[in-house]
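S.K.: here is a sequence together with a model predicted from it:
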Amino acid sequence: QKEVEQNSGPLSVPEGAIASLNCTYSDRGSQSFFWYRQYSGKSPELIMFIYSNGDKEDGRFTAQLNKASQYVSLLIRDSQPSDSATYLCAVNYSQGAQKLVFGQGTRLTINP
Amino acid sequence: EPEVTQTPSHQVTQMGQEVILRCVPISNHLYFYWYRQILGQKVEFLVSFYNNEISEKSEIFDDQFSVERPDGSNFTLKIRSTKLEDSAMYFCASDRGQMDSNQPQHFGDGTRLSIL
């Protein structure tokens, strides 16, 4: 059974600070890794994706991947109240079609 | 930016009835997916579809479920003889697969299915 684990939170961060979200996965054969943001009642919205070990930066967001530790994280710099949402970690275990296995999500609240 | 579109946004159906959820994937995408999310729970993979056939399906996707691409643009999920536990948000997604690592999976806005 392929698993993706996240701390469900809630994680509370003051505005302007760095929010750090973490995710572990069970299968070393995982191909690619994704962070989605989901507002209540809405669909997952892609934030970042990462395929190789190391860091990948996009604006205020940095994804970090460590395949040896089976660990992926998302850093949000200069957190804004609009960043308050549930952040979903998703892992693709398949070739060809990208079957995503999702974690339960971390609820993030940015306090003004 | 191209989007995955889903209709209807909300579907209310009596238990035992059949429902069809509709999706229009992004036009140059090759792989199509259905996921569901029961209220308060994880997003769960149901099925992937490529080249007019099912690529992979989960344990959830039993004989009650079927998918079809009836024309060049639509992708549908049919649920026969609906049960109360089928109540969930159903998300359609599409991508170009592993061949294009810069085109990850994008989700539609979802259909909220309520079984009464």
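M.R.: Cool, got the structure. Numbering: from 1, shown residues only, chains lettered A, B, ... in the order given.
S.K.: quick one: the strands in the chain, in order.
M.R.: As the question left the chain open, I've gone with chain A. Counting by DSSP state E, chain A has strands at residues A:4-6, A:11-14, A:19-25, A:32-38, A:45-50, A:54-58, A:61-66, A:71-76, A:85-92, A:100-102, A:106-111.
S.K.: actually chain B
M.R.: B:5-7, B:10-13, B:19-24, B:31-37, B:43-50, B:53-57, B:65-68, B:75-79, B:88-95, B:106-107, B:111-115.
S.K.: can I get those in CSV including mean neighbour count, mean pLDDT and distance to chain A?
M.R.: For glycine as for every other residue, the C-beta is placed from the backbone atoms N, C-alpha and C. Shown next, in CSV, are the strands of chain B (neighbours: other Cβ atoms under 10 Å in any protein chain shown; pLDDT from 0 to 100; distance: least, Cβ to the nearest Cβ, whole Å):
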stretch, mean neighbour count, mean pLDDT, distance to chain A
strand B:5-7, 17, 96, 9
strand B:10-13, 14, 97, 11
strand B:19-24, 19, 97, 12
strand B:31-37, 25, 96, 5
strand B:43-50, 22, 95, 4
strand B:53-57, 14, 93, 4
strand B:65-68, 17, 96, 13
strand B:75-79, 20, 97, 13
strand B:88-95, 24, 96, 6
strand B:106-107, 22, 92, 5
strand B:111-115, 18, 97, 8
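S.K.: distance of B:His10 from B:Leu116?
M.R.: 13 Å (Cβ to Cβ, to the nearest Å).
S.K.: B:Pro25 now?
M.R.: From B:Pro25 over to B:Leu116 (counting by Cβ to Cβ), the distance is 30 Å.
S.K.: and if you look at A:Gln70?
M.R.: For A:Gln70, the distance to B:Leu116 - Cβ to Cβ - is 43 Å.
S.K.: compare the two (neighbour count), which wins?
M.R.: A:Gln70 (16 against 10; other Cβ atoms under 10 Å in any protein chain shown).
S.K.: what's the closest non-adjacent residue to the more buried one?
M.R.: Nearest non-adjacent residue to A:Gln70, counting by Cβ to Cβ, 6 or more residues apart in numbering or on different chains: A:Tyr25, 5.3 Å away.
S.K.: and for B:Ser58?
M.R.: Per Cβ to Cβ, 6+ apart, closest to B:Ser58 is B:Phe45, 5.2 Å.
S.K.: now do the same contact list for the one you found.
M.R.: The neighbours of B:Phe45, taking Cβ atoms under 8 Å, 6 or more residues apart in numbering or on different chains as the test, are A:99-101, B:33, B:35, B:58.
S.K.: repeat that with 10 Å
M.R.: B:Phe45 makes contacts with A:90, A:93-94, A:97-102, B:33-36, B:56-58, B:60-61, B:93, as judged by Cβ atoms under 10 Å, 6 or more residues apart in numbering or on different chains.
S.K.: mind checking pLDDT for the nearest residue to B:Asp109 once chain neighbours are set aside?
M.R.: Excluding the flanking residues, the one nearest B:Asp109 by Cβ to Cβ, 6+ apart is A:Ser43, at 5.1 Å. Looking at A:Ser43, its pLDDT stands at 94.
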